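A.B. asks: this one's structure only:
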């Protein structure tokens with residue numbers, strides 16, 4: 001059985017073709033056969049070793065650094081503690097994380113575990129018996145349902161019951177959606193030579209999801225962006241968005257969609273006034289290798305992108321323009337950037353160098369690295385974070401690594417003249 005990895009086009013500077021040994025097309029399972037724990041663990045270990053030992057690409061020297069906010073000038077300190085460490089499935093990599101209200105979702109291979117976020121009590125484990133679905137790539141929430149994106153090209157829809165157990169409601173595309181489409185030849189598209197599929201189907205692993213205003217946006221290694229309606233689970237639209245596999249998607253509150261691909265491009269999509277379909281409004285070109293992850297600021301005015309070139313690029317809206325322009329880079333990681341998440345004025349980045357960095361966004365677009373969270377033995381693949389409803393402004397961060405470990409952190413910015421470090425640590429531990 002051939003194995004592929006979740007990692008798209010590991011640190012390649014050119015488009016991936018079928019002969020590239022580091023292409024994502026060579027790095028994860030292509031079929032739906034059962035995956036044994038031993039095989040998955042061995043694959044994750046070899047991928048992690050490759051990530052850590054390989055020399056990363058140059059960190060985009062032509063892009064100016066935004067780390068111009070001197071730490072010593074800030075009347076601000078940061079405290080962080082790892083308050084819990086969990087190993088859902090020993091040695092199997094954590095593939096994605098998500099937070100929804102009081103619940104935390106962690107996927108490892110094909111299985112999703114649900115925890116109560118305050119006590120870290122395990123509430124449910126679902127999809128554990130369906131190893132044919134392949135690894136879970138993303139978890140999102142819409143219209144009271146849970147959507148999981150899978151390696152077998154499908155999106156599964158779940159409902160949390162009163163018992164906190166999860167029940168499978170549907171698999172996208174739904175049977176009704178297929179019945180509406182399968183008779184008409186125009187509803188079929190070529191996915192490769194001599195192979196056609198319905199346009200509502202993904203033809204390769206579904207690698208990312210984003211949700212906005214009742215719509216779910218999914219992207220795939222099949223190079224497409226699809227839009228689903230959460231209320232009736234219908235596929236509304238499909239766009240060939242890139243010339244290579246798509247790894248990540250983000251959507252702002254105004255409906256602007258950003259897709260990042262192994263072709264090193266970020267593309268921006270929106271619906272023109274009066275139109276029903278998304279159109280390409282901008283292509284952001286600056287990265288020199290596969291774009292692995294995207295994150296947006298709370299108001300959608302700043303876009304962060306992470307790649308194998310070790311840099312986090314910061315994009316901001318140009319005056320009187322609907323698209324972004326790069327303003328600079330955040331540097332410090334020693335290997336590929338694999339995941340990003342933004343909470344208020346803090347950006348968290350996870351890397352193949354096994355660390356999580358905490359960045360503060362200051363005035364005039366200046367940044368400072370406040371802390372480096374260490375402890376993982378292998379690359380940090382996934383992050384989830386949420387601002388706690390507490391007077392001290394604690395942010396809870398969960399990092400998931402290829403070592404199969406979940407590390408729970410509590411991060412707090414504080415002013416030295418207000419709270420002493422000893423009192424702060426005691427407060428966080430509580």
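C.D. replies: Perfect, thanks for sending it. Computed from a predicted model, the values in this text were never measured in an experiment.
A.B. asks: now the strands for the stretch 151-300 of the chain?
C.D. replies: For the stretch 151-300 of the chain, the strands defined by DSSP state E, counting those that start in this stretch cover 155-160, 166-172, 188-192, 195-198, 206-212, 215-220, 224-229, 235-240, 246-251, 257-261, 265-270, 279-285, 291-296.
A.B. asks: tally of neighbours for residue 76?
C.D. replies: 14 (other C-beta atoms under 10 Å). For glycine as for every other residue, the C-beta is placed from the backbone atoms N, C-alpha and C.
A.B. asks: Give me the pLDDT value at it.
C.D. replies: Looking at residue 76, its pLDDT stands at 72.
A.B. asks: nearest residue to it other than its sequence neighbours?
C.D. replies: Among residues not flanking residue 76 along the chain, residue 413 sits closest, at 5.7 Å (C-beta to C-beta, 6 or more residues apart in numbering).
A.B. asks: what helix or strand is the one you found on?
C.D. replies: strand 406-414 (DSSP states H and E).
A.B. asks: Show me what the mean pLDDT comes to for that strand.
C.D. replies: pLDDT averaged over strand 406-414 gives 90.
A.B. asks: Show me how far it is from its chain's centre.
C.D. replies: 19 Å (C-alpha atoms, centre = their mean, to the nearest Å).
A.B. asks: before we move on, what about stretch 137-150?
C.D. replies: Per C-alpha atoms, centre = their mean, the centroid offset for stretch 137-150 relative to its chain is 13 Å.
A.B. asks: Likewise for stretch 303-319?
C.D. replies: 15 Å.
A.B. asks: quick one: buried residues of that stretch?
C.D. replies: 303-315 (16 or more other C-beta atoms under 10 Å).
A.B. asks: Quick one: list the elements packing against the strand holding residue 413.
C.D. replies: strand 77-86, strand 356-361, strand 367-373, strand 395-401, helix 421-429 (3 or more C-beta pairs under 8 Å, 6 or more residues apart in numbering; DSSP states H and E).
A.B. asks: among these, which is nearest residue 141?
C.D. replies: strand 395-401 (16.1 Å; C-beta to C-beta).
A.B. asks: strands paired with the closest one, and their directions?
C.D. replies: strand 380-387 (antiparallel), strand 406-414 (antiparallel) (DSSP bridges).
A.B. asks: With mean neighbour count and distance to residue 280 added, can I get those strands in a markdown table?
C.D. replies: A markdown table is the format used below for the strands paired with strand 395-401 (neighbours: other C-beta atoms under 10 Å; distance: least, C-beta to C-beta, whole Å):
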| stretch | mean neighbour count | distance to residue 280 |
| --- | --- | --- |
| strand 380-387 | 23 | 29 |
| strand 406-414 | 22 | 37 |
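A.B. asks: Save those strands as TSV, and put in distance to residue 368 too.
C.D. replies: Putting these into TSV (distance: least, C-beta to C-beta, whole Å) gives the following:
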stretch	distance to residue 368
strand 380-387	18
strand 406-414	11
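A.B. asks: Quick one: closest of those to residue 192.
C.D. replies: strand 380-387 (28.3 Å).
A.B. asks: and residue 233, how far is that from residue 147?
C.D. replies: Using C-beta to C-beta, to the nearest Å, residue 233 is found at 9 Å from residue 147.
A.B. asks: Name the residues contacting each of the two.
C.D. replies: Common neighbours of residue 233 and residue 147 (criterion: C-beta atoms under 8 Å, 6 or more residues apart in numbering): 157, 172.
A.B. asks: Just want to know which of the two has more residues nearby.
C.D. replies: residue 147 (25 against 22).
A.B. asks: in the sheet, who's paired with the more buried one?
C.D. replies: Beta-bridge partners of residue 147, as defined by DSSP bridges: residue 140, residue 157.
A.B. asks: That one against residue 136, yeah?
C.D. replies: No: counting by C-beta atoms under 8 Å, residue 147 does not reach residue 136; the two are 10.7 Å apart.
A.B. asks: which one is residue 165 nearest to, not counting chain neighbours?
C.D. replies: Nearest non-adjacent residue to residue 165 (C-beta to C-beta, 6+ apart): residue 124, at 5.2 Å.
A.B. asks: Residue 156 too?
C.D. replies: With C-beta to C-beta, 6+ apart, the residue lying closest to residue 156 is residue 148, at 4.9 Å.
A.B. asks: Quick check, pLDDT for the one you found.
C.D. replies: Per the predicted model, pLDDT is 98 at residue 148.
A.B. asks: can you pull the buried residues of the helix or strand harbouring residue 124?
C.D. replies: Assessed by DSSP H and E, residue 124 sits inside strand 121-126. Neighbour counts using 16+ other C-beta under 10 Å place 123-126 of strand 121-126 among the buried residues.
A.B. asks: what's the farthest-apart pair in the residues you listed?
C.D. replies: Pairwise over these, using C-beta to C-beta, the maximum falls at 123 and 126, 10.3 Å.
A.B. asks: Common neighbours of these two, please.
C.D. replies: Contacts common to residue 123 and residue 126, judged by C-beta under 8 Å, 6+ apart, are residue 114.
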